[in-house]
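need a 3D model of the following:
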Amino acid sequence: MAVGELTGRRRGGPPGEPRRIGYLYLLPALGVYGLFLLFPLLHSGWLSLFDWDGLTLGHWSGLANYRALLRTNGAGAAFGHVAVLAVFFAVLPVSVGLVVATALHRTRVRGLPFFRTALFLPQVLAMVVVAVAWQRIFAPDGVLNQVLRAVGLGSLTRAWLGDSATALFAVGIVGTWVQTGLAVVLFLGGIGKISSELFDAARLDGAGAAGEFHAVVLPALRGEIGVALTLTVIAALRTFDLVYMMTPLGGPGGSTTVPAYEIYQRAFLGGQVGVAAAIGVVITVVALAVTFLITRITGRER
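Here you go, the predicted model:
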């Protein structure tokens, strides 16, 4: 495509003259965006204002569905659980990813592309496959309990997914395993763009590994950290498949129920489509707010 078309100006024309036909190329993309994203979002917001079971005629209820969410303990607990999962899905992977990426960059490991692929592999696996594999690991006769017995820690064995005290943390550990590879790959790419002169200057100033990390790596990776946090937090907010496969019925005593699972339960099993749509709207608002906050903190808008 010509430069004039990319900039929206007619080639050879005055600098400020718009090339109106260039904007027509955006219409198909805007149409797809509106059809598959904006329309479902607005339609969900509209459904959240009705008392509807998905089959019969719905009745206008206004904000009653949102008020019901405030009074329902299950919905509040679900958002509390997803806040815990955000630590496992976002905070831990980003922290571990920073350490691993920095270590790989400093040690100049041979076969780095292989390590990148191996670390990123959980991202390309279907979450159903991941859930089934880890379900076997956490089973009463699974690998984890067998290892604990082998090293003399049999007293720590338990049904990890069947215990309300550990089920949510078990799901969170799987999320950490899945998301860490994404963070490492993002940070390795960011570190590779840092000028070697900055590392040399830090070493000349007597900075060790920790000083080099705080003075050079961390400031240079603010954009990548923002991207990683945004992706991983959103992944935590929309978690459904891991919970559904690893802990059926939301875990023992509802200990692993999350908002996405609440949507499934209320819309398809409970006949509360309006309330389910309200939960979806709340998730969207929370995701937008968290994304905006992360963007402001990490300075990605710069």
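
could you report the neighbour count for the closest residue to residue 286 other than its chain neighbours?
Nearest in space to residue 286, with sequence neighbours left out and distances taken as C-beta to C-beta, 6 or more residues apart in numbering, is residue 237 at 6.5 Å. Every C-beta, even on glycine, is put in place using the N, C-alpha and C of the backbone. Residue 237: 22 surrounding residues under other C-beta atoms under 10 Å.

quick one: contacts for residue 237?
Residues in contact with residue 237 (C-beta atoms under 8 Å, 6 or more residues apart in numbering) are 82, 86, 259-260, 283, 286-287, 290.

which ones among those residues map onto helices?
In helices, defined here by DSSP state H, the members of the contacts of residue 237 are 82, 86, 259-260, 283, 286-287, 290.

residues contacting the residue nearest to residue 63 when sequence neighbours are not counted?
The spatially closest residue to residue 63, leaving aside those adjacent along the chain, is residue 49, at 7.3 Å (C-beta to C-beta, 6+ apart). Going by C-beta under 8 Å, 6+ apart, residue 49 touches 60-63, 65, 274.

what is the subsequent helix or strand relative to the helix or strand of the chain with the lowest mean pLDDT?
Ranking every helix and strand in the chain by mean pLDDT, DSSP states H and E puts helix 3-7 at the bottom, with a mean of 43. Reading on from helix 3-7 to the C-terminus, the next helix or strand found by DSSP states H and E is helix 26-33.

so where's this protein shaky on pLDDT?
For the chain, the stretches with pLDDT under 70 are 1-22, 300-302.

centroid residue for it?
By C-alpha atoms, centre = their mean, the mean C-alpha position of the chain lies nearest to residue 235, the distance being 2.3 Å.

is it true that that residue touches residue 175?
Yes: applying C-beta atoms under 8 Å, one finds residue 235 in contact with residue 175, separated by 7.4 Å.

which residues are in contact with each of those two?
Counting by C-beta under 8 Å, 6+ apart, the residues touching both residue 235 and residue 175 are residue 89.

quick check: phi and psi on residue 251?
Dihedral angles of residue 251 (phi, psi; degrees, to the nearest 10) stand at phi 80, psi 170.

what does the host helix or strand of residue 99 rub up against?
Assigned by DSSP H and E, residue 99 belongs to helix 92-107. The contact list for helix 92-107 (C-beta under 8 Å, 6+ apart) reads 112, 115, 119, 175-176, 179-180, 182-184, 186-188, 190-192, 209, 213, 217-218, 221, 225, 228-229, 232.

cool, and stretch 187-196?
Here stretch 187-196 makes contact (C-beta under 8 Å, 6+ apart) with 97-98, 101-102, 104-105, 112, 116, 216-217, 220-221, 223-225, 228.

what is the nearest of the residues you listed to residue 162?
Here the nearest of these to residue 162, counting by C-beta to C-beta, is residue 97; it sits at 30.9 Å.

take the contacts of helix 92-107 and keep only those in helices.
Among those, the ones falling in helices (DSSP H) are 112, 115, 119, 175-176, 179-180, 182-184, 186-188, 190-192, 209, 218, 225, 228-229, 232.

need the buried ones from these selected in PyMOL.
Buried subset of the ones in helices among the contacts of helix 92-107, written as a PyMOL selection, criterion 16 or more other C-beta atoms under 10 Å:
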select buried, resi 115+119+175+176+179+180+182+183+184+186+187+188+190+191+225+228+229+232
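
can you put the contacts of residue 237 in a markdown table and add distance to residue 267 and neighbour count?
Shown next, in a markdown table, are these (distance: C-beta to C-beta, whole Å; neighbours: other C-beta atoms under 10 Å):
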| residue | distance to residue 267 | neighbour count |
| --- | --- | --- |
| 82 | 18 | 25 |
| 86 | 24 | 22 |
| 259 | 12 | 23 |
| 260 | 11 | 20 |
| 283 | 13 | 21 |
| 286 | 19 | 17 |
| 287 | 19 | 16 |
| 290 | 24 | 18 |
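
what is the nearest of the residues you listed to residue 71?
Minimum distance to residue 71 across the contacts of residue 237 is 16.1 Å, recorded for residue 259 (C-beta to C-beta).

what about the closest one, distance to residue 275?
Counting by C-beta to C-beta, to the nearest Å, the separation of residue 259 from residue 275 is 12 Å.

now do residue 54
Distance of residue 54 to residue 275, computed by C-beta to C-beta: 11 Å.

try residue 261
In this view, residue 261 and residue 275 are 14 Å apart by C-beta to C-beta.

any idea how the protein splits into domains?
If you go by automatic domain parsing, the domain ranges for the chain are 3-33, 64-298.

compile those into TSV and extend it with columns for distance to residue 41.
Conversion of those to TSV gives the following (distance: least, C-beta to C-beta, whole Å):
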stretch	distance to residue 41
domain 3-33	11
domain 64-298	7
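
quick check: which of those domains is buried the most?
Highest mean neighbour count among these (mean count of other C-beta atoms under 10 Å): domain 64-298, with a mean of 17.
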